[in-house]
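**Student:** Dropping the sequence and predicted coords here.
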Amino acid sequence: MTAIVIIYIIFIIFSAKIDAEHINRQQYFSDHFSRFILRLVVTLGMSSGVLEFVLLSSLFWAIFDITLNYFTGNKLLYVGKTAWIDKQFNKIPIVYFLLKIIVLTISVICYI
């Protein structure tokens, strides 16, 4: 499982880097559907069961935005203003990131 998590973290970093390249060229995403499907397929392919799927999904959710913010030069807790989920949390980013940490922690505890 450790190797899978490391490879998956690399996938998260590359996903954030690719998205950052588009954002840095002012090519913004108003719809995340196609990238969601790709990431879902990869996550399903790397999971051997429901608990691994939940763990990897929460890992993606916890790490991706911070990594994306790093690559775009934003504050680490920056939340965008374009996508639906961003609009829901951009006024309270600390709650958004605390929720991510809580979900990841619960996932790790359940997996262990």
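**Tutor:** Received it, and whenever you're ready, just let me know what you need.
**Student:** what's the offset of the helix or strand of the chain with the lowest mean pLDDT from the middle of its chain?
**Tutor:** When each helix and strand of the chain is scored by mean pLDDT, DSSP states H and E, helix 84-89 comes last, with a mean of 83. Centre-to-centre, helix 84-89 and its host chain are 14 Å apart (CA atoms, centre = their mean, to the nearest Å).
**Student:** Next, work out how far apart Leu99 and Ser58 are.
**Tutor:** Relative to Ser58, Leu99 is positioned 11 Å away (CB to CB, to the nearest Å). Bear in mind the C-beta positions are built from the backbone N, C-alpha and C, glycine included.
**Student:** neighbour-wise, which of the two wins?
**Tutor:** Neighbours around Leu99 and Ser58, counted as other CB atoms under 10 Å, are more numerous at Ser58. The numbers are 21 against 14.
**Student:** Nearest residue to that one in space, please, no chain neighbours.
**Tutor:** Using CB to CB, 6 or more residues apart in numbering and skipping the chain neighbours, the partner closest in space to Ser58 is Ser107 (4.1 Å).
**Student:** Can you give me the distance of that neighbour to Val50?
**Tutor:** Applying CB to CB, the value for Ser107 to Val50 is 11 Å.
**Student:** These two: which is more packed in?
**Tutor:** Neighbour count, other CB under 10 Å: between Ser107 and Val50, Ser107 has more, with 21 against 9.
**Student:** Quick one: list the elements packing against the strand or helix carrying the more buried one.
**Tutor:** Element membership for Ser107, per DSSP states H and E: helix 93-111. Applying 3 or more CB pairs under 8 Å, 6 or more residues apart in numbering; DSSP states H and E, we find helix 93-111 packed against helix 50-72.
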